[in-house]
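>>> Turn this into a model:
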Amino acid sequence: MIKRDIATWTRWLHIYLSMFSFASLLFFAVTGITLNHPYWFVGKSKSQNVTSQLNAQWVRGTDTLSINKLAIVEHLRKVYNIKAPVASFTSDESQCTATFKGPGYSADVFIERETGNYDLTIVAPGSIAIFNDLHKARDTKPTWALVIDISAILMILVSITGFVMIFYLKKKRVSGLLLFVAGALTAVILYYAFA
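Numbers count the residues shown, from 1 in each chain. Next up, the predicted model:
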């Protein structure tokens, strides 16, 4: 009775966890390939270079504390539709530098403090770059790392429930376990041969 209940629950968990996590499993499998072979999937990269001027009063002053960072960032967001978060904002006596980063997106601006003149470069390499950055949680919000962790836990549970199920399939148990051992040994051999 207990053995049958375990088999039923394992099969139920395996089926429904597999279906629930299918999209994330497929996403991480595909992006694993796109990360491993970036030149196979070169998308259309969009870049924009702009030279312009902002209100010089925002960057002038006797010290770097007088720089109106909020006004500068909001101006750039409004004019160039920048949605990525500010990754850094630095300044010295002659120049300010701001960097916006998001998955598959970057914008860098260099501002002359004396005049307010700036050079802005926006790079958006395309959807493959976005997916690759999401795979690695690069330039994402901290909560995205939690999504990756949950996806990994689901994949672990799917793997374990699939492995447990083989013990309840009498006709396939030996061949299934032999395939498991062969797969594990192959992975170890490939690691030592090619890594």
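
>>> how near is the residue most central in space within the chain to Tyr105?
In the chain, the centroid-proximal residue (C-alpha atoms, centre = their mean) is Leu134; its distance is 1.9 Å. Remark: distance between Leu134 and Tyr105 (C-beta to C-beta, to the nearest Å) = 12 Å. C-beta coordinates here come from the backbone N, C-alpha and C atoms, glycine included.

>>> Next: Val174.
52 Å.

>>> same thing with Phe180?
Using C-beta to C-beta, Phe180 is found at 42 Å from Tyr105.

>>> Using PDB, list the CA coordinates for stretch 32-45.
Output in PDB follows, covering the C-alpha atoms of stretch 32-45 (Å, rounded to 0.1, in the frame of the first residue of the first chain):
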ATOM      1  CA  GLY A  32      22.400  27.400 -22.600                       C
ATOM      2  CA  ILE A  33      23.000  26.800 -26.400                       C
ATOM      3  CA  THR A  34      22.900  30.500 -27.300                       C
ATOM      4  CA  LEU A  35      25.400  31.300 -24.600                       C
ATOM      5  CA  ASN A  36      27.700  28.500 -25.600                       C
ATOM      6  CA  HIS A  37      27.600  29.500 -29.300                       C
ATOM      7  CA  PRO A  38      27.000  33.300 -29.400                       C
ATOM      8  CA  TYR A  39      28.100  33.600 -33.100                       C
ATOM      9  CA  TRP A  40      25.400  31.200 -34.200                       C
ATOM     10  CA  PHE A  41      22.700  33.500 -33.000                       C
ATOM     11  CA  VAL A  42      23.800  37.000 -33.900                       C
ATOM     12  CA  GLY A  43      20.700  39.200 -33.800                       C
ATOM     13  CA  LYS A  44      20.100  42.700 -35.000                       C
ATOM     14  CA  SER A  45      22.000  45.100 -32.800                       C
END
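
>>> State the mean pLDDT of that stretch.
For stretch 32-45, mean pLDDT rounds to 84.

>>> in that stretch, what's buried?
By 16 or more other C-beta atoms under 10 Å, the buried positions in stretch 32-45 come out as 34-35, 41.

>>> Skipping its backbone neighbours, what lies nearest Pro38 in space?
Leaving aside its sequence neighbours, Pro38 sits nearest to Asn132 (C-beta to C-beta, 6 or more residues apart in numbering; 7.5 Å).

>>> SS state for that neighbour?
helix (DSSP: H, G, I helix; E, B strand; the rest coil).

>>> surely it meets Leu35?
Yes: using C-beta atoms under 8 Å, Asn132 is in contact with Leu35, at 5.3 Å.

>>> Show me the helices in this protein, by range?
Applying DSSP state H to the chain gives helices spanning 2-36, 69-80, 127-136, 142-165, 173-194.
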